[in-house]
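>>> could you work out the structure for the sequence below:
(chains A, B, C and D)
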There are 2 protein chains.
Amino acid sequence: MIDILLHPPDAPTRILDAAAAIVQARGVSGLTLEAAARDAGVSKGGLLYHFASKEALLDAMLRRLADFMEREYEACVAAQPPGPGRVARANLDWGFGEGELSCNERHDMAGAVFRAAFHHDPALLDPIRAVIARMRRDSAGDGLSPGAGDAISAACDGMFMARMFRLYTPTTDERAAMRRALERLMEPSP
Amino acid sequence: MIDILLHPPDAPTRILDAAAAIVQARGVSGLTLEAAARDAGVSKGGLLYHFASKEALLDAMLRRLADFMEREYEACVAAQPPGPGRVARANLDWGFGEGELSCNERHDMAGAVFRAAFHHDPALLDPIRAVIARMRRDSAGDGLSPGAGDAISAACDGMFMARMFRLYTPTTDERAAMRRALERLMEPSP
DNA sequence: CTTGACATACCGTCCGGCCGGTATAGCTAC
DNA sequence: GTAGCTATACCGGCCGGACGGTATGTCAAG
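Numbering: from 1, shown residues only, chains lettered A, B, ... in the order given. Next up, the predicted model:
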């Protein structure tokens, strides 16, 4: 914290933060260069000095998100004891856990950035796609019966989408029941 | 087909179709009133005669989508033999089937309309939310162990999202394996 | 002659991007 | 050490185009 106070974030970081916050609060259409610049405490010219176009800004936002996702994924995996189903357990913790790693405002912001980038150009999602491909490769070597790992991560994706678009909000009990159901998939096939 | 040729769709239907096709082909930002009108073979004024604003157009698009979703859901359920897990089996058929009901261009168009509406105003998704709520009520009385039905439909949602955002495309074998894995959740709890 | 179903022309706004300017820091020559 | 040069990191204003929406005209059917 002292470090943060002594070393306030530089302009590019502030711009990225402000842009992400705007998208989360006011939606994709609320993200304009002027608004992002103002909220970051720089002028529009200053923003364009760091990010030459709106696309460049969104690209940087998404790359940062992909990096963050990958680190979070690695942390979830590292927190699980080794052995079969390690990746699946990490996925369940990410999608159904109650701690700071799951379903909080950070996920909302990730969803908002995600939608904003796709809105502008679907190709901007490529860094995210690379992370997902890596996760799927890991999942394939997770030692579970075929399809179990994919099914678990698809269910986590579904929960993510439901929250991102505010489709429904399961109760804590329902979430726990879903998790227990999915954990059955990690048992060896009968 | 003869009927279609003899009774060409009226202007509102053509406009709705054209708008959906534009969103699918050129993205949310490609949907302008001018473009929708042109593709539907009417002028911009003609479009605004039927849909007083862009929001009204999107609202009509989404209501039509919700109606379609509900009818499709009912058809999927009706196609399943009665008994426990009927709704879950319908969901699996919808999300993992190979027939005309699953994962084709119609789903892509649904996703595009969905994103367009959310982009303009998240409240426009309310008709879809109502359909989902109804499906979840049905699922709760499906006679499966707690969480199983929700987990299955969440996995189907995840597949839908993966396709909507082109995140990854599992092979036919992988999809079949996922389905078999999820079908294990319909067996009674051990 | 009225009304429904459009067409045409236009307006105001908003937004992305460009440009000219500027303060500051660092470096170099003398 | 200081005058001059250059690069960095911005500021503020402007422009052009696109887009949503309006106002008005048209015209066939009943």
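
>>> OK, contacts around A:Ala18?
A:36, A:39-40 (Cβ atoms under 8 Å, 6 or more residues apart in numbering or on different chains). Any C-beta I mention is one placed from the backbone N, CA and C, and that applies to glycine too.

>>> just the mean pLDDT for whichever strand or helix holds it, thanks.
Counting by DSSP states H and E, the element that carries A:Ala18 is helix A:11-26. Here helix A:11-26 scores 88 as its mean pLDDT.

>>> what comes up buried for that helix?
A:11-12, A:14-24 (16 or more other Cβ atoms under 10 Å in any protein chain shown).

>>> going by distance to chain B, which of these wins?
A:Val23 (11.3 Å; Cβ to the nearest Cβ).

>>> wait, that closest one touches A:Val113, no?
Yes - with contact defined as Cβ atoms under 8 Å, A:Val23 counts as touching A:Val113 (6.0 Å).

>>> rewinding a little: with pLDDT added, can I get the contacts of A:Ala18 in JSON lines?
Listed next are the contacts of A:Ala18 as JSON lines, based on pLDDT from 0 to 100:
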{"residue": "A:Ala36", "pLDDT": "90"}
{"residue": "A:Asp39", "pLDDT": "88"}
{"residue": "A:Ala40", "pLDDT": "88"}
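
>>> which of those come close to DNA strand C?
Filtering the contacts of A:Ala18 for proximity to DNA strand C by Cβ under 7 Å from any atom of the strand leaves nothing.

>>> ok, those residues vs chain B, which is closest?
A:Ala36 (17.7 Å).

>>> where does the prediction get shaky in chain A?
Within chain A, the stretches with pLDDT under 70 are A:1-8, A:99-103, A:189-190.

>>> so where do the helices sit in it?
A:2-6, A:11-26, A:33-40, A:44-50, A:54-78, A:86-96, A:105-120, A:126-140, A:148-164, A:172-184 (DSSP state H).

>>> out of the ones you listed, the one nearest B:Ala154 is which?
When these are compared by Cβ to Cβ, helix A:148-164 sits nearest B:Ala154, at 3.5 Å.

>>> run through the neighbouring helices and strands of the closest one.
helix A:86-96, helix A:105-120, helix A:126-140, helix A:172-184, helix B:148-164, helix B:172-183 (3 or more Cβ pairs under 8 Å, 6 or more residues apart in numbering or on different chains; DSSP states H and E).

>>> show me the one of those helices that comes nearest DNA strand D.
helix A:105-120 (13.3 Å; Cβ to the nearest atom of the strand).

>>> and the closest one, how far from the chain's centre?
8 Å (Cα atoms, centre = their mean, to the nearest Å).

>>> before we move on, what about stretch A:180-187?
With Cα atoms, centre = their mean, you get 24 Å for stretch A:180-187.

>>> give me the buried positions along it.
Buried, per 16+ other Cβ under 10 Å, within stretch A:180-187: A:180-186.

>>> then stretch A:27-34?
Quick answer for stretch A:27-34 (16+ other Cβ under 10 Å): A:27-28, A:31, A:33.

>>> export it as PDB, just CAs?
In PDB, the C-alpha atoms belonging to stretch A:27-34 read as follows (Å, rounded to 0.1, in the frame of the first residue of the first chain):
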ATOM      1  CA  GLY A  27     -21.600  -0.900 -20.600                       C
ATOM      2  CA  VAL A  28     -19.700  -1.300 -23.800                       C
ATOM      3  CA  SER A  29     -21.300   1.700 -25.400                       C
ATOM      4  CA  GLY A  30     -20.200   3.900 -22.500                       C
ATOM      5  CA  LEU A  31     -16.600   3.300 -23.300                       C
ATOM      6  CA  THR A  32     -15.400   6.300 -25.300                       C
ATOM      7  CA  LEU A  33     -11.900   7.700 -25.500                       C
ATOM      8  CA  GLU A  34     -12.900  10.900 -23.900                       C
END
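
>>> is that stretch positioned near DNA strand C?
Yes - with Cβ under 7 Å from any atom of the strand as the criterion, DNA strand C is reached by stretch A:27-34 at A:31-34.

>>> which of those sit farthest apart?
For these, and using Cβ to Cβ, no pair is farther apart than A:Leu31 and A:Glu34, which are 10.1 Å apart.

>>> show me what residue of chain A gets nearest to DNA strand D.
Taking Cβ to the nearest atom of the strand, chain A has A:Gly45 as its residue nearest DNA strand D, at 2.2 Å.

>>> look up how far chain B lies from that residue.
Separation of A:Gly45 from chain B (Cβ to the nearest Cβ, to the nearest Å): 25 Å.
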